[in-house]
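**Q** Predicted structure and sequence below. I'll ask about it afterward.
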Amino acid sequence: MPLCDVDVANGCMHVLPKEFDALHDQPADEWHLAAAVPAPGRSGALHMRFPLQGARPLEARAGAVLGWHGNTIHWGGRCASDAARPRASIAATFCRLDAGSSRLEGNALLSRAALRALALPQRLGLVAHSLLMHKRWYPLHDGLVPPEFFAAH
């Protein structure tokens with residue numbers, strides 16, 4: 001959910017529709033999990049393992065709710081230097097109740113009532129876990145998040 005109006009100039013989200021993703025129904029495939037990898041011998045360049053020309057920008061007004069299937073290749077665009085403000089947004093992941101806790105790497109699914117009952121240390125533990133889950137795509141090292149966050153989780 002964008003907190004400000006977003007467009008291609010300030011870094012809106014982009015998605016690759018399922019029709020352009022040959023591996024969409026194979027979420028554990030190595031190439032699907034690493035859809036963009038560093039290009040050999042080209043500092044900062046990426047090799048896309050999907051047809052980039054099929055991607056769609058998701059321009060939206062502040063407060064709009066955007067959603068896509070969990071296997072959808074998606075990313076935030078880069079903010080232009082002359083943009084009035086960069087994209088600011090809130091993200092959440094939802095899953096079906098019958099998805100099972102194994103889908104969340106051993107963490108039990110939480111009901112709304114259980115979420116409301118979480119103390120601040122437990123909430124921070126969940127945030128830390130979410131950050132580290134994304135280290136496959138972003139250079140996050142384990143020491144970045146204090147171990148105390150996980151003790152409360």
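**A** That came in fine, so what should we check first? Fair warning: this is a prediction, and the values are worked out from it, not measured in the lab. Numbering: from 1, shown residues only.

**Q** Domains of the chain: list them as residue ranges, please.
**A** Here the domain parsing of the chain from automatic domain parsing is 1-92, 97-153.

**Q** Could you name the helices and strands sitting against the longest helix along the chain?
**A** Using DSSP state H to define each element, the chain has its longest helix at helix 120-133. Secondary-structure packing of helix 120-133 (3 or more CB pairs under 8 Å, 6 or more residues apart in numbering; DSSP states H and E): helix 147-151. For the C-beta atoms, the positions are set from N, CA and C on the backbone; glycine is no exception.

**Q** For the helix it packs on, the averaged confidence score.
**A** Mean pLDDT, computed over helix 147-151, is 61.

**Q** Give me the residues contacting stretch 84-94.
**A** Applying CB atoms under 8 Å, 6 or more residues apart in numbering, the contact partners of stretch 84-94 are 1-4, 6, 10-13, 70, 76-77, 79.

**Q** Nearest residue to Gly77 in space, please, no chain neighbours.
**A** Distances taken as CB to CB, 6 or more residues apart in numbering place Gly11 nearest to Gly77, at 4.5 Å, with adjacent residues excluded.

**Q** what about the one you found, how many neighbours?
**A** 22 (other CB atoms under 10 Å).

**Q** contacting residues for it?
**A** Applying CB under 8 Å, 6+ apart, the residues contacting Gly11 are 76-79, 83, 86-87.

**Q** go on, Asn10?
**A** 4, 79-80, 83-87.

**Q** same thing but at 6 Å, please
**A** 79, 83, 86-87 (CB atoms under 6 Å, 6 or more residues apart in numbering).

**Q** Please determine how far it is located from Pro51.
**A** 25 Å (CB to CB, to the nearest Å).

**Q** quick one, phi psi at Met48?
**A** Torsion angles at Met48 (phi, psi; degrees, to the nearest 10) stand at phi -90, psi 130.
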